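# sequence plus the predicted model coming up.
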Amino acid sequence: MRMRATLERAEYYARIIRREGITQEDLAAREGVTGPRVNQVLAFLRLERAILDDLTDLSCTTPVPTMSALAAIGRLPTGRAQVARYRQLCAALEASGNAGAVGSARQRGFRHLLAQAREWQDALNAGKYRSISALGRAERLSSHRVGQLLDLLTLPPDLQARLDAPPESLPPGLTQKEVKRIVSMQDEEAKRMEFLRGWGEGGGAEEERAARVAK
């Protein structure tokens, strides 16, 4: 969420400068921050769209570079060079676990994803957005990514409750990638069995299903 807030701040700064014709120094004085900080935030807008999408993707859990590193990426001459450098830095951070070079460790677990999905679903139900595509445009995300989060709400309430827990209480193998795979399954019973297998309960689910079939 920190990166999303920074991007929104950058767009706000850019609008003020464009609309009022003031300098970055004037804006810094008005906002009560330093000139270099304003410049650092505005540097976000020089990043390739693919990088911004990744930085603000709620479903990603890998670490991201620091603000200063992102500013340096934004100064690269082409979008391709920016994306290549960004991926290189992210891969290095994930492999090394160098916390000192990480700008924002992404949120782990599923609580924040479920909370966002429920907020979006409430907005759709209230008619705030006419479609998932419209919601995606407002959130600067693709409709596919929005749909992936909303799909979490297709899980039965008891399974959602299991996900809506502190990250440290979840089974290690139950990654966001694995949950996405399970949620995309068409067979509801198979979906439940796969989900419970992550808690070491898959066998019990199979026995329960066999008993119902036998009846």
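Structure's in. What do you need?
# and the helices in this protein?
2-20, 24-31, 35-42, 49-55, 67-74, 79-96, 111-125, 132-139, 143-150, 157-163, 176-183, 188-197, 202-214 (DSSP state H).
# output the contacting helices and strands for the first one.
The one in question is helix 2-20. For helix 2-20, the packing partners by 3 or more CB pairs under 8 Å, 6 or more residues apart in numbering; DSSP states H and E come out as helix 24-31, helix 35-42, helix 49-55, strand 102-104. Placement of C-beta: from N, CA and C, glycine included.
# now for residue 153: which residues touch it?
114, 117, 118, 121, 160 (CB atoms under 8 Å, 6 or more residues apart in numbering).
# now the two most distant members of these.
Farthest pair in those (CB to CB) is 121 and 160. Separation: 12.0 Å.
# of the contacts of residue 153, which is the most crowded?
Among those, residue 117 has the most neighbours (other CB atoms under 10 Å), with 21 neighbours.
# that one contacts residue 154, correct?
No. Contact criterion CB atoms under 8 Å: residue 117 and residue 154 do not qualify, at 9.9 Å.
# count of residues packed around the nearest residue to residue 79 once chain neighbours are set aside?
Ranked by CB to CB, 6 or more residues apart in numbering and with sequence neighbours excluded, the top spatial neighbour of residue 79 is residue 48, at 4.0 Å. The tally of other residues near residue 48 (other CB under 10 Å) stands at 18.
# what pLDDT does residue 48 get?
Here the pLDDT value assigned to residue 48 is 92.
# contact partners for it?
Contacts of residue 48 (CB under 8 Å, 6+ apart): 79, 82, 83, 86.
# quick check: domain ranges of this structure?
Following automatic domain parsing, the chain resolves into domains at 2-104, 111-214.
# lowest-confidence stretch among those domains?
domain 111-214 (a mean of 80).
# using PDB, write out every CA atom in stretch 170-179.
Provided in PDB are the C-alpha atoms of stretch 170-179 (Å, rounded to 0.1, in the frame of the first residue of the first chain):
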ATOM      1  CA  LEU A 170      -0.900 -20.000   7.600                       C
ATOM      2  CA  PRO A 171       0.600 -23.200   6.300                       C
ATOM      3  CA  PRO A 172       4.000 -22.400   4.600                       C
ATOM      4  CA  GLY A 173       3.000 -24.000   1.300                       C
ATOM      5  CA  LEU A 174      -0.200 -22.000   1.000                       C
ATOM      6  CA  THR A 175       1.200 -19.200  -1.100                       C
ATOM      7  CA  GLN A 176      -0.800 -16.600  -3.000                       C
ATOM      8  CA  LYS A 177       0.100 -18.400  -6.200                       C
ATOM      9  CA  GLU A 178      -1.300 -21.700  -4.900                       C
ATOM     10  CA  VAL A 179      -4.500 -20.000  -3.700                       C
END
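# quick one on the thing from earlier: return a ChimeraX selection command for the buried portion of the contacts of residue 48.
Those of the contacts of residue 48 that count as buried under 16 or more other CB atoms under 10 Å are selected in ChimeraX with:
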select :82,83,86
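# nearest to residue 62, of the contacts of residue 48?
residue 86 (11.5 Å).
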